[in-house]
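S.K.: sequence and predicted model, in that order:
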Number of protein chains: 2
Amino acid sequence: MRYVQRAEYGVRPATSVDESDPLFVQAIARAMRVLSAFHDTGKPLTLNEIAAGSGMDKSAAQRVVHTLRQLGYVQRDADDRGYVPGIRILDHTRDYLRLNPLVSRASPVLLELRRNVRERVDLSLRDGLRLVYAARLQSKRETFFATLVGQSVPIYCTSGGRAVMAHMSDAEVDDVIARSDRRKITPRTITDPDAIRAKVREARQNGYALALEEVLQGEIAIATAILSPGGTPLGAIHIAGSLSEWDAETFCRRFAPLATEAAGALNRF
Amino acid sequence: MRYVQRAEYGVRPATSVDESDPLFVQAIARAMRVLSAFHDTGKPLTLNEIAAGSGMDKSAAQRVVHTLRQLGYVQRDADDRGYVPGIRILDHTRDYLRLNPLVSRASPVLLELRRNVRERVDLSLRDGLRLVYAARLQSKRETFFATLVGQSVPIYCTSGGRAVMAHMSDAEVDDVIARSDRRKITPRTITDPDAIRAKVREARQNGYALALEEVLQGEIAIATAILSPGGTPLGAIHIAGSLSEWDAETFCRRFAPLATEAAGALNRF
DNA sequence: TCAAAAGTATCGCTATGCAATACCTTCGTA
DNA sequence: TACGAAGGTATTGCATAGCGATACTTTTGA
């Protein structure tokens, strides 16, 4: 049984801190750390790997894995060679998506957008320094990872990220830039703070943001921000195509109005 | 802020049992019970509702919710009126999908299938008495719920379910039928054991299964099973369309060969 | 065939997190 | 604008849940 590599452009969620406050239940944190051990792998994990990957001893890992297994959140690999995440996870995926008003409201808008644009259309939601894809309507040919709900990308170097930053104050933008681990994901990833700020200004003027294979070779993407009633950017709508079929100018001329219109439909209540 | 109703055709996961084995960490089970409280609601929950919905007192719910919140698995509703599932859940969704070889292998096949068929194409995986949707490629017009990863449907009355049952022994089929909570989801849901068995035999003969608005009014669906190397059915590929556009016969003639071919591509390694 | 790795089981001690209770805040109604 | 109820937050002493060390069984691959 073959396993797919992990996407090299994935972003780690802000794993932040657990201090010692009296209400914090560390057993729960451990469970989540065990589940998060799978973020870093492309294949099933053994108990010891889980223990190592989540920074606990074998004993602790054993108990946690045992429990999660009983509950269906972890299961044995198809040919019993290691542990993988369990299907019960998807039940919570559904709840998340259903109960997120943005996702449910965006759904018909995205569908409509996808009908006009014949390219990939995504909805992403902001989580700290990253955008997490919550809905993906793929086009004809796609890579597997471009179909994955839950995939995340950095804010600092993506069309969606810059669309989001365009609606933040300069100070906030600087903060995002400063805290981001800015590394070149592709040769064309923009990592220089001033260059990023320039792209953000550009996005503010245009009303949409553009990125050229900064995350994925050969990919062109434009995005528009989705705002809360108060004006805080919550996420973005993306349209992504291939540079083998489009040049930047045509892509923008053709799709920017549609992307803007879609975001507009979501931003006025 | 408006919230969508929960889908009336959802299926509860087998919540089974936790006995008192020494390795079982009940704090983890509680956390998952809290998260599962959202399965039954269409709107954000208050602390007390969570407590009630997961069968624990306010104190316990408080600690668990607090912890899950710190970790990002629960968050406050957009306008701070209650709790909803948190975005960190999607990180695990991604891991589940990535690490499930069936999903990754099926992905290109589904995409290809969707290209030929211009209708909705789904991949579902078996979990006990239900099928859980793991990948969904929607057609032009869709209901919101038909786009949801993690949505689940019963085995006993769906095209996918019967495609799966077609590859089980008669005894196993009887077992599924017996344990299923067979209720009419629509007027056309088939609930009679003998009628179900007849449909399963039909699926065995045809190599695919058919269902006519047994779960959703106006929906026609055919499905083929995906098998493990050993021959156990693991899930199904579905093609779903609208009865306003298709009659059963044409739908089958047109799509059955394609569905069969797609499943075939996955079943031979 | 054998050693190493993976998984399973046991057990006594104490830190963990339980549950009761009380306090603070927000919201809708009068 | 005052009031009551519901929602959310904080504290604390005690019992037990679950920690972690260790040892045993099974599987794997060299």
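M.R.: Structure's in. What do you need? Numbering: from 1, shown residues only, chains lettered A, B, ... in the order given.

S.K.: quick one: the most far-flung residue of chain A relative to its centre from DNA strand C, how far?
M.R.: Outermost residue of chain A with respect to the C-alpha centroid, by C-alpha atoms, centre = their mean, is residue A:59; its distance is 33.0 Å. In this view, residue A:59 and DNA strand C are 5 Å apart by C-beta to the nearest atom of the strand, to the nearest Å. For glycine as for every other residue, the C-beta is placed from the backbone atoms N, C-alpha and C.

S.K.: dihedrals phi and psi, that residue?
M.R.: For residue A:59, the backbone dihedrals (degrees, to the nearest 10) come out as phi -60, psi -50.

S.K.: all the helices of the stretch 151-269 of chain A, residue numbers only.
M.R.: When secondary structure is read from DSSP state H, counting those that start in this stretch, the stretch 151-269 of chain A shows helices at A:159-165, A:170-179, A:193-206, A:248-267.

S.K.: quick check: residue A:58 touching residue A:46?
M.R.: No: counting by C-beta atoms under 8 Å, residue A:58 stays clear of residue A:46, with 10.2 Å between them.

S.K.: about what we covered before: comparing the helices of the stretch 151-269 of chain A, which comes out most buried?
M.R.: Each of the helices of the stretch 151-269 of chain A was scored by mean neighbour count; the highest is helix A:159-165, a mean of 31, by mean count of other C-beta atoms under 10 Å in any protein chain shown.

S.K.: can you tell me, leaving aside adjacent residues, what's nearest to the residue of the stretch 151-269 of chain A at minimum distance from chain B?
M.R.: Among the residues of the stretch 151-269 of chain A, residue A:151 lies closest to chain B, at 5.5 Å counting by C-beta to the nearest C-beta. Using C-beta to C-beta, 6 or more residues apart in numbering or on different chains and skipping the chain neighbours, the partner closest in space to residue A:151 is residue A:133 (4.9 Å).

S.K.: what is the burial count for the one you found?
M.R.: The local packing of residue A:133 (other C-beta atoms under 10 Å in any protein chain shown) involves 24 other residues.

S.K.: which SSE is it in?
M.R.: Of the helices and strands defined by DSSP states H and E, residue A:133 is found in strand A:130-137.

S.K.: check which helices and strands that strand sits against.
M.R.: Helices and strands touching strand A:130-137, as assessed by 3 or more C-beta pairs under 8 Å, 6 or more residues apart in numbering or on different chains; DSSP states H and E, comprise helix A:101-116, strand A:120-127, strand A:152-154, helix A:159-165, strand A:233-242, helix B:88-99.

S.K.: got the angle between that strand and helix B:88-99?
M.R.: For strand A:130-137 and helix B:88-99, the angle between their directions (axes from the mean of the first three to the mean of the last three C-alpha atoms, to 10 degrees) works out to 60 degrees.

S.K.: list the contacts of strand A:130-137.
M.R.: Taking C-beta atoms under 8 Å, 6 or more residues apart in numbering or on different chains as the criterion, the residues outside strand A:130-137 that touch it are A:11, A:13, A:97, A:100, A:102-103, A:106-107, A:110-111, A:114, A:120-126, A:146-155, A:158, A:160-161, A:164, A:235-236, B:87, B:90-91, B:138, B:147.

S.K.: sorry, back to before: for the residue farthest from the centre of chain A, give me its contacts.
M.R.: So, once contact is read as C-beta under 8 Å, 6+ apart, residue A:59 ends up touching nothing.

S.K.: poorly predicted segments of chain A, please.
M.R.: Under the criterion pLDDT under 70, the flagged ranges of chain A are A:1-10, A:15-20, A:269.

S.K.: any idea how it splits into domains?
M.R.: Partitioning chain A according to automatic domain parsing yields domains covering residues A:1-88, A:100-267.

S.K.: out of these, which one sits most buried?
M.R.: With a mean of 20, the top stretch among those by mean neighbour count (mean count of other C-beta under 10 Å) is domain A:100-267.

S.K.: that one vs DNA strand C: in contact?
M.R.: No: legend: contact between domain A:100-267 and DNA strand C by C-beta under 7 Å from any atom of the strand is lacking; minimum distance shown is 14.5 Å.

S.K.: span of that domain from start to end?
M.R.: 15 Å (C-alpha to C-alpha, to the nearest Å).

S.K.: and that domain, how far out from the chain middle?
M.R.: Offset of domain A:100-267 from its chain centre (C-alpha atoms, centre = their mean, to the nearest Å): 10 Å.

S.K.: which parts of the stretch 51-200 of chain A sit against DNA strand D?
M.R.: Near DNA strand D, when you scan the stretch 51-200 of chain A using C-beta under 7 Å from any atom of the strand, you find A:56, A:57, A:58, A:59, A:60, A:63, A:64, A:80, A:81.

S.K.: which among those residues gets closest to residue A:263?
M.R.: When these are compared for distance to residue A:263, the smallest value, 41.7 Å, is given by residue A:64; criterion: C-beta to C-beta.

S.K.: give the closest residue to the residue of the stretch 151-269 of chain A found nearest DNA strand D in space, chain neighbours not counted.
M.R.: Nearest to DNA strand D, among the residues of the stretch 151-269 of chain A, is residue A:228, at 19.0 Å (C-beta to the nearest atom of the strand). The spatial neighbour of residue A:228 that comes closest, neighbours along the chain excluded (C-beta to C-beta, 6+ apart), is residue A:234 at 5.4 Å.

S.K.: who touches that neighbour in this structure?
M.R.: The neighbours of residue A:234, taking C-beta under 8 Å, 6+ apart as the test, are A:102, A:125, A:126, A:225, A:226, A:227, A:228.

S.K.: and residue A:29, how close does it get to residue A:54?
M.R.: When distances are taken as C-beta to C-beta, to the nearest Å, residue A:29 and residue A:54 turn out to be 10 Å apart.

S.K.: residue A:70 against residue B:25, yeah?
M.R.: No: at 9.7 Å, residue A:70 does not count as touching residue B:25 under the criterion of C-beta under 8 Å.

S.K.: circling back to that earlier point, correct me if wrong: the residue of the stretch 151-269 of chain A closest to chain B contacts residue B:94.
M.R.: Yes: proximity of residue A:151 to residue B:94 meets the contact threshold set by C-beta under 8 Å, at 5.5 Å.

S.K.: just to revisit the earlier point, listing partners with orientation, what would you give for the strand holding residue A:133?
M.R.: Applying DSSP bridges, strand A:130-137 is found paired with strand A:120-127 (antiparallel), strand A:152-154 (antiparallel).

S.K.: thinking the residue of the stretch 151-269 of chain A closest to DNA strand D is in contact with residue B:78, fair?
M.R.: Yes: counting by C-beta under 8 Å, a contact exists between residue A:228 and residue B:78, whose distance comes to 6.9 Å.

S.K.: up against chain B, what does the stretch 151-269 of chain A have?
M.R.: For the stretch 151-269 of chain A, the residues in contact with chain B (C-beta under 8 Å from any C-beta of the partner chain) are A:151, A:152, A:228.
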